[in-house]
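> sequence first, then the predicted structure, then my questions.
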Amino acid sequence: MPSQTTENYLKALFFLQQEEGDLTITKLSNKLKVTLPTANSMIKKLQTNGWVTYQKYKPILFTESGQKMAAMIIRKHRLTEMYLTEKMGFGWEEVHEVAEQIEHIKSSKLFDRMDEILGHPTHDPHGSPIPDKEGNIHRNNYTRLSEKAPGSTVILRALKESSDDFLRYLNKHQLALGTKIKIIEREEFDGSMTILYNTDIQKSFSKEVCGRLLVDNLD
């Protein structure tokens, strides 16, 4: 069975693949804040175990088994976050650190039971998709709020970035998944937006904040 460190490397590769496409030793070392030799050594171990393939000066490639193993770690993490919020009353800003610890538990029965109790959710509390038991993951075609035109009415579905600080910021401004948002105005100078939400709250948010809010058109 993979160690916790190995699982963290697989998870980091999974996220890099989604964010940037090509997987390189340099990107991996930067993401995990380790030296290049340390990252290179671990990639060799992952290759020995059949989870990646790698040739010097070429991108790292997941094998089918490595891709599935990484997806299973993400599945355990996101199911845990959902369970903590839905069944234990944690705030969405409180669950990441706990899930980081629980995701390394090996028992598949525990997470299958969580999945069953939750009614087989497709997304975690931050709107990120939960891989299924085969490692398949549904990609959502959401758009950044910052890219929508004034006059549009949308629904907040997910977050591009979900640090605890950002989640507390959203809590402060009463913005949660499922919130209906109408875009009133966009400032040409800095890209900030004035939006109307929760029926009667009208506020301006920076381009950076709007770029982290992923939205869907109303049906």
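Looks like it came in fine.
> number of residues surrounding residue 105?
11 (other Cβ atoms under 10 Å). In short, each C-beta sits where N, CA and C put it, glycine included.
> any idea how far apart the tips of stretch 172-190 sit?
23 Å (Cα to Cα, to the nearest Å).
> give me the contact list for that stretch.
125-127, 145, 148-158, 170, 192-198, 201-207, 213, 215, 218 (Cβ atoms under 8 Å, 6 or more residues apart in numbering).
> now the buried members of these.
125-127, 145, 148, 152, 154, 156-158, 170, 192-193, 195, 197, 205, 207, 213, 215 (16 or more other Cβ atoms under 10 Å).
> picking that back up, in strands, which of the contacts of stretch 172-190 fall?
Using DSSP state E, the members of the contacts of stretch 172-190 that fall within strands are 153-158, 193-197, 201-205, 213, 215.
> show me where this protein has its strands.
52-53, 61-62, 143-144, 153-159, 180-186, 193-197, 201-205, 213-217.
> any chance of the ones you listed in TSV, plus distance to residue 118 and mean pLDDT?
Converted to TSV, the strands of the chain look like this (distance: least, Cβ to Cβ, whole Å; pLDDT from 0 to 100):
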stretch	distance to residue 118	mean pLDDT
strand 52-53	31	94
strand 61-62	28	92
strand 143-144	27	96
strand 153-159	18	97
strand 180-186	25	97
strand 193-197	27	97
strand 201-205	30	97
strand 213-217	22	95
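> what's the closest of these to residue 101?
strand 153-159 (21.7 Å; Cβ to Cβ).
> that closest one: partners in the sheet, and parallel or antiparallel?
strand 180-186 (antiparallel), strand 213-217 (antiparallel) (DSSP bridges).
> what are the buried residues along the first one?
Taking 16+ other Cβ under 10 Å as the basis for neighbour counts, the residues of strand 180-186 that come out buried are 181, 183, 186.
> and the angle for that strand with strand 193-197?
Calculated by axes from the mean of the first three to the mean of the last three Cα atoms, to 10 degrees, strand 180-186 forms an angle of 150 degrees with strand 193-197.
> now do strand 180-186: distance to the chain's middle.
25 Å (Cα atoms, centre = their mean, to the nearest Å).
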